[in-house]
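after the sequence you'll find the predicted model.
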Amino acid sequence: MKQVLISERNRYKGNLHCHTTLSDGRLTPEEICEAYRARGYAFLALSDHDTYYEHDDLQRKDFVVLNAYEQCIDRAQREPFGQGKCYHFNFFAKTPAHHELNIPPVPDYEDKAGINRMIADIKAQDFLCSYNHPYWSLQNFEDYTPLEGVDFLEVFNYGCYIGDGLHENQINVYDDMLRWGHCKPLFCTMTDDNHNVYPPDDYRTDSFGGWVMAGADELSYEAIIASLEAGDFYCSSGPVITYLAVDTAEKTVEVRTEPAKSISLSTMGRRGDRTEAEPGKTVDHAVFSLRDNDCFFRIEVTDADGRRADTNAYFLDDLFNK
Ligand SMILES: [Zn+2]
Ligand SMILES: [Zn+2]
């Protein structure tokens, strides 16, 4: 039996990480919403640093503003390369308005239990949590595998990539957190984290480089949150995934895309599979078999420019043993 994994209802494009003049961004909330709306985006999370704002006045029928903020936890400067590690988390309000948020005291960087309590405390106030740009934050395995309660991980941060020149491909962190971490479900996102030092129409802009495509019945604050919370989305910096489904009887996964260079399957272990386009040609379809001990799988699509789309990870137990 076919089970569609990313719903084929309306797909809405959104950026889950954005800064404005309310913190260190160059454009006002109004200006940045208009820039994204003009580019065909349906939603945008305004996630200014350390202070939570609501943006009721910016909600439109054709554009949803998610109320969010980015929480920083800095470590004292201890690394030999002269910079301190930090945690950055985005928190997204699950309801649009009249939301009281009591931001708890910021725990010490080394107090992982305290950090998990902070995440739980804010989530209990009806928020979702993203763990942001671990490469920019100089973090590694020991920093991110103890995290609990995180809903999303940024596997690509366009601002860190184009603004800071960092590679910011964190798909390995996603695999680590799925294999050794304490967050399940854990979904992967690509975001802009834009500060707009260059205007949105400049080729160097840090906007419009990483996004999520959410499946939802309608465009509303509640419907977008429901889609994000259910993992009914994929993320991309270019390629388009049009269809993703498993056949629970055949134990296969089928992927359809707009013309791409490769479509690949990753699992919890070493086993994977790949459909690669012949030189000068493209692929738009792949079927991969699944094995019982794959534990989970996820799909990655690349285009000729090296840009990527990633699906969330799907656990075979959840799909086949319902
Ligand atoms: Zn950050
Ligand atoms: Zn940021």
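Thanks, I have it. Ligands and ions are numbered 1, 2, ... in the order given.

contact residues of this protein facing ligand 1?
Counting by Cβ under 5 Å from the ion, the chain comes close to ligand 1 at 88, 132. Where you see a C-beta, it was placed from the backbone N, CA and C, and this is true even at glycine.

for whichever helix or strand residue 222 is part of, give me every contacting residue.
Residue 222 belongs to helix 221-230 when assigned by DSSP states H and E. Contact partners of helix 221-230, identified using Cβ atoms under 8 Å, 6 or more residues apart in numbering, comprise 12, 14, 16, 42-43, 59, 64, 66, 92, 94-96, 128, 151-152, 187, 212, 214-217, 232-233.

what does stretch 148-155 give?
By Cβ under 8 Å, 6+ apart, stretch 148-155 touches 16-17, 89-90, 116, 119-120, 123, 128-134, 169-171, 173-174, 177, 182-183, 185-191, 193, 228-229, 235, 310.

buried set for the helix or strand harbouring residue 212?
Residue 212 is located in strand 211-216, with elements delineated by DSSP H and E. Within strand 211-216, the residues that qualify as buried by neighbour count (16 or more other Cβ atoms under 10 Å) are 211, 212, 213, 214, 215, 216.

adding distance to residue 159 and pLDDT as columns, could you present those in JSON lines?
Converted to JSON lines, the buried residues of strand 211-216 look like this (distance: Cβ to Cβ, whole Å; pLDDT from 0 to 100):
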{"residue": "211", "distance to residue 159": "13", "pLDDT": "98"}
{"residue": "212", "distance to residue 159": "15", "pLDDT": "98"}
{"residue": "213", "distance to residue 159": "19", "pLDDT": "98"}
{"residue": "214", "distance to residue 159": "21", "pLDDT": "98"}
{"residue": "215", "distance to residue 159": "26", "pLDDT": "95"}
{"residue": "216", "distance to residue 159": "26", "pLDDT": "94"}
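
any idea which of the residues you listed is closest to residue 52?
Nearest to residue 52 among the buried residues of strand 211-216, counting by Cβ to Cβ, is residue 212 at 21.1 Å.

I'd say the closest one and residue 189 touch.
Yes - counting by Cβ atoms under 8 Å, residue 212 touches residue 189, with 5.4 Å between them.

shared neighbours, those two?
With contacts defined as Cβ under 8 Å, 6+ apart, the residues shared by residue 212 and residue 189 are 16, 235.

find the nearest non-adjacent residue to residue 42, please.
residue 12 (3.8 Å; Cβ to Cβ, 6 or more residues apart in numbering).

can you check residue 178 too?
Going by Cβ to Cβ, 6+ apart, residue 178 has residue 313 as its nearest residue, at 5.4 Å.

what about that neighbour, distance to residue 296?
For residue 313, the distance to residue 296 (Cβ to Cβ, to the nearest Å) stands at 5 Å.

next one: residue 314
6 Å.

then residue 120?
Taking Cβ to Cβ, one finds residue 120 at 24 Å from residue 296.
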